[in-house]
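Student: A structural model of the following input is requested.
(one chain, ligands or ions: 1)
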Amino acid sequence: MSRVSIRFGKLVIVTYFLATACIVPTFAQTKRSPVAPSRERVEAIVREAYDKFRSDTSGKNADYIPYLAQVDSRLFGVAVVTTDNQVFELGDVKYSFSIQSISKVYTLAMAMEELGPDKVFDRIGLEPTGRAFNSVLAVVDMPSHTGNALVNAGAIATTSLISGQNEDEKWNKLLNFYSKVAGEKLSLIDEVYQSEAATNAGNKALAMLLAKYERIYADPFESVDIYTKQCSVGVTATQLARMGAVLANNGQNPATGEQVIKSGDVPYILATMMMAGLYDGSGGWAWHVGLPAKSGVGGGIVAIVPGKGAIAVFAPRLDEAGNSVKAQKVIHFVANKLDYNLYSPSSVGLK
Ligand code: DON
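Tutor: Next comes the predicted model:
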């Protein structure tokens, strides 16, 4: 009897160790897609892309915001953050540039946190405008008038959804939220804010036009001012990649472990990025790259690879649509080599 129980005890112990040995790697894999490429491969491909496009001088800095025209257009930084918080960095990854339109993604996340996706979809909508990001005609023509949360009009309307007693409370709520997503404290680049606030008559006009259609949900000028501040938040390429990795990691910050965005909201955010993240360049981007991404006229682009990580590139020269030329080339190259395209069966391991 006692021999049986000893044997049984051994069996339990052996089974326990076997199970633990299996559980540990299985758990680790839930943090990262089982078909994610190895660290060495990601590093090698990102380095190859960096070297290949380093001396590309096509495009030009945004100049409708005076501050952006004088940013050194040779700056070039690439950062990757994976869902298990591995970080690869190359080039000017410590330089803080203005997040610009990439902020719109996180204001959308905050609006959904407060109102839920259905109300946000109802008040903002999600259709590509097929026009420039600051188009007045799109506001007039589109049935929703707002278009989507990533063009200026829809983004200002999204900012107007954020609750608060006054402008400062709303702005601080947004800045704190962005900081939680980045996993560290972010702040406003005051010179960018001053430069943009002095030259944003176009955005004020969009906000007033939305007011005519009753598609803005707080004072139009207050909303433009908060929106201008959110666009002037400084980020490094690494901070931006981590903000992207949160979306790749189901809304959980891979560095802090904090669930900063509801996992149920993530698909709506990624769908919005896929449809409109690169404005009237979004169709070509989906065709060639197949990853949800967002650009900013400050020169940043972040692309999300669900379950694997995010890549952020900063290079100030832009194309006609307002998207960094070098950032698009680097991300396209990396996504192609590493089978990241979400529409490709190889992205889930089918060859
Ligand atoms: O409102 C604007 O025009 C800028 N603060 C943001 C535009 C932007 O980043 C468009 N992006 N590619």
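Student: going forward, measure contacts and count neighbours with C-alpha atoms only.
Tutor: Will do.
Student: not counting sequence-adjacent ones, nearest residue to the residue nearest the centre of the chain?
Tutor: With distances taken as Cα atoms, centre = their mean, the chain has Gly244 as the residue nearest its mean C-alpha position (4.6 Å). The shortest distance from Gly244 to any non-neighbouring residue, by Cα to Cα, 6 or more residues apart in numbering, is to Ala310 (5.1 Å).
Student: list the neighbouring strands of the one helix or strand the one you found maps to plus their orientation.
Tutor: Counting by DSSP states H and E, the element that carries Ala310 is strand 309-314. When pairs are called by DSSP bridges, strand 309-314 turns out to pair with strand 77-82 (antiparallel), strand 300-305 (antiparallel).
Student: near Asp63, how many other residues are there?
Tutor: 12 (other Cα atoms under 10 Å).
Student: hmm, Lys229 and Ile99 touching each other?
Tutor: No. If you go by Cα atoms under 8 Å, Ile99 and Lys229 don't touch, sitting 10.2 Å apart.
Student: compare the two (neighbour count), which wins?
Tutor: Ile99 (27 against 24).
Student: how far away is the more buried one from the ligand?
Tutor: According to Cα to the nearest ligand atom, to the nearest Å, Ile99 stands 8 Å off from the ligand.
Student: check contacts around that residue.
Tutor: In this structure, Ile99 makes contact with 230-235, 296, 298, 300, judged by Cα atoms under 8 Å, 6 or more residues apart in numbering.
Student: just the helices in the stretch 201-350 of the chain please.
Tutor: 201-212, 220-231, 237-248, 266-276, 282-288, 325-337 (DSSP state H, counting those that start in this stretch).
Student: most tightly surrounded among these?
Tutor: For these, the largest average neighbour count (mean count of other Cα atoms under 10 Å) is found in helix 237-248, namely a mean of 30.
Student: how about the residues of the protein near the ligand?
Tutor: 100-101, 133, 152, 228, 231, 295-297, 322-323 (Cα under 6 Å from any ligand atom).
Student: in the chain, where is pLDDT below threshold?
Tutor: Applying pLDDT under 70 to the chain flags the ranges 1-31.
Student: run through the bridge partners of Phe314.
Tutor: Beta-bridge partners, per DSSP bridges, of Phe314: Gly77, Gly300.
Student: picking that back up, any chance of JSON lines for the strands paired with strand 309-314, columns mean neighbour count?
Tutor: Below are the strands paired with strand 309-314 laid out as JSON lines (neighbours: other Cα atoms under 10 Å):
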{"stretch": "strand 77-82", "mean neighbour count": "27"}
{"stretch": "strand 300-305", "mean neighbour count": "31"}
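Student: Gln165 is nearest to which of these?
Tutor: strand 300-305 (32.2 Å; Cα to Cα).
Student: name the residues that touch the closest one?
Tutor: In contact with strand 300-305 (Cα under 8 Å, 6+ apart) are residues 99, 102, 237, 240-241, 244-245, 247-248, 291-295, 310-316, 323-324, 327-328, 331, 340, 342.
Student: quick one: the strands paired with strand 309-314 as TSV, columns for distance to Asn166 too.
Tutor: Shown next, in TSV, are those (distance: least, Cα to Cα, whole Å):
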stretch	distance to Asn166
strand 77-82	35
strand 300-305	30
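Student: between those strands, which one is nearest to Asp168?
Tutor: strand 300-305 (26.5 Å).
Student: how far does that closest one sit from its chain's centre?
Tutor: 6 Å (Cα atoms, centre = their mean, to the nearest Å).
Student: same check on stretch 293-312?
Tutor: Distance, centroid of stretch 293-312 to centroid of chain: 5 Å (Cα atoms, centre = their mean).
Student: then stretch 308-316?
Tutor: 9 Å.
Student: what of stretch 86-95?
Tutor: The answer for stretch 86-95 is 17 Å, by Cα atoms, centre = their mean.
Student: cool, stretch 168-179 as well?
Tutor: 17 Å.
Student: and that stretch, which residues are buried?
Tutor: For stretch 168-179, burial by neighbour count (16 or more other Cα atoms under 10 Å) applies to 170-171, 173-175, 177-179.
Student: rewinding a little: of all the contacts of Ile99, which comes closest to Glu127?
Tutor: Gly296 (19.2 Å).
Student: isn't that closest one up against Asn323?
Tutor: Yes. With contact defined as Cα under 8 Å, Gly296 counts as touching Asn323 (6.7 Å).
Student: neighbour count winner among these two?
Tutor: Using other Cα under 10 Å as the criterion, Gly296 and Asn323 rank with Asn323 on top: 29 against 25.
Student: where along the stretch 51-200 of the chain do the strands fall?
Tutor: Counting by DSSP state E, counting those that start in this stretch, one finds strands in the stretch 51-200 of the chain at the ranges 77-82, 87-91, 97-98.
Student: only the C-alpha atoms, please, for the first one, written as CSV.
Tutor: The reference is to strand 77-82. Provided in CSV are the C-alpha atoms of strand 77-82 (Å, rounded to 0.1, in the frame of the first residue of the first chain):
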residue,chain,number,x,y,z
GLY,A,77,15.7,56.8,-36.1
VAL,A,78,14.2,53.3,-36.1
ALA,A,79,12.9,51.5,-33.1
VAL,A,80,11.1,48.1,-32.6
VAL,A,81,9.4,47.1,-29.4
THR,A,82,8.0,43.5,-29.3
